[in-house]
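**Q** Everything below, folded, please.
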Amino acid sequence: MIDSIVLQPLRNGEYIQFLTDTLNTVLKNDPDDLNVRAQYDLLRTATDDIEKLFKISQASLVTKEIEAIDARRDQAINGITFLVQGYTYSTDANINKQAKILAAHLNLFGTGIAKDNYLSETTTLRNIINDWNTKAELQTAVSELNLTDWKKELEQANNEFSDAYAKRNEELATAPAEKLRALRNSANEVYYKLRNRLNSNLDISDGAEPWASTINLLNQTITNYNTLLNRRGVVEADGEQPSSPMG
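**A** Numbers count the residues shown, from 1 in each chain. This next block holds a predicted model:
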């Protein structure tokens with residue numbers, strides 16, 4: 001017979017892997033030969049649904065769109081910085097003066113702004129742009145150095161990045177734990193149906209193959225996961241709700 005295992009305390013990644021290991025064992029021994037094709041297909045679908053939602057909930061905030069916009073603003077701030085530095089060597093007194101004003105302002109925010117983490121860079125660039133848009137001395141310097149288009153590009157890229165990052169964050173928030181929990185509960189029922197079907201077939205066949213070897217492999221997997229749970233102090237009976245599922 002297939003050993004019992006408490007499914008609820010398994011963390012999401014562990015839970016998905018357990019179901020995947022179970023499915024792989026059944027597939028290796030042929031669901032049709034085991035007479036569990038319907039149960040296998042249902043569990044496969046349930047596992048795929050959970051994995052998709054889990055990947056969304058764990059997905060990195062970094063997407064190609066975000067990377068592209070970040071590269072734009074990096075190029076803009078780097079370009080502005082190099083231009084300003086270059087102008088500080090100008091022999092034109094006014095250009096030299098205006099460049100040093102902007103250089104001093106940029107220095108307030110440290111070096112390597114483009115290397116900051118996403119959120120830090122967003123805030124820094126927003127503060128720089130705000131100063132350039134509101135402080136007369138800086139407005140004059142930007143105008144005199146013909147950096148207006150550069151400033152517009154920096155502001156646009158930074159705003160687009162902020163919007164894209166926030167949108168991505170909202171998308172991840174639409175994969176709530178409650179939905180994942182509901183999918184897991186449904187998958188649990190399907191798993192138990194598969195387990196019960198295999199146990200029944202083993203009993204009917206008096207322990208014949210391919211059920212005997214299949215169940216032996218499944219029990220090896222279950223032993224490994226039970227060991228993992230025991231190390232974490234999980235002692236609930238099979239099917240009971242632990243205090244902290246969904247890790």
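
**Q** Low-confidence bits of this structure, can you list those?
**A** Of all residues in the chain, those with pLDDT under 70 make up the ranges 57-62, 171-176, 234-247.

**Q** Tell me the buried residues in the helix ranked longest in it?
**A** Counting residues, the longest helix in the chain under DSSP state H turns out to be helix 177-204. Neighbour-count burial for helix 177-204 flags 180, 183-184, 187-188, 190-192, 194-195, 197-198, 201-202 (criterion: 16 or more other Cβ atoms under 10 Å). For glycine as for every other residue, the C-beta is placed from the backbone atoms N, C-alpha and C.

**Q** Pick the one among the residues you listed closest to D21.
**A** Proximity to D21 was ranked across those by Cβ to Cβ; first place goes to Y191, at 11.7 Å.

**Q** now that closest one: how far from N224?
**A** Per Cβ to Cβ, to the nearest Å, Y191 is found 16 Å from N224.

**Q** In terms of helices and strands, where is K100?
**A** helix 93-107 (DSSP states H and E).

**Q** now that helix, how far from the centre of its chain.
**A** 42 Å (Cα atoms, centre = their mean, to the nearest Å).

**Q** Then stretch 198-205?
**A** With Cα atoms, centre = their mean, you get 42 Å for stretch 198-205.

**Q** for stretch 121-128, same thing?
**A** 25 Å.

**Q** quick one on the thing from earlier: using JSON lines, lay out the buried residues of helix 177-204 together with distance to V142.
**A** Converted to JSON lines, the buried residues of helix 177-204 look like this (distance: Cβ to Cβ, whole Å):
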{"residue": "L180", "distance to V142": "49"}
{"residue": "L183", "distance to V142": "54"}
{"residue": "R184", "distance to V142": "56"}
{"residue": "A187", "distance to V142": "59"}
{"residue": "N188", "distance to V142": "62"}
{"residue": "V190", "distance to V142": "63"}
{"residue": "Y191", "distance to V142": "64"}
{"residue": "Y192", "distance to V142": "68"}
{"residue": "L194", "distance to V142": "68"}
{"residue": "R195", "distance to V142": "70"}
{"residue": "R197", "distance to V142": "73"}
{"residue": "L198", "distance to V142": "73"}
{"residue": "N201", "distance to V142": "78"}
{"residue": "L202", "distance to V142": "79"}
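
**Q** So which of those residues is the closest to S143?
**A** Once Cβ to Cβ is applied, the member of those that ends up nearest S143 is L180, at 53.8 Å.

**Q** How about that closest one: what's its closest non-neighbour residue?
**A** Once flanking residues are discounted, L180 sits nearest to L53: 5.5 Å by Cβ to Cβ, 6 or more residues apart in numbering.
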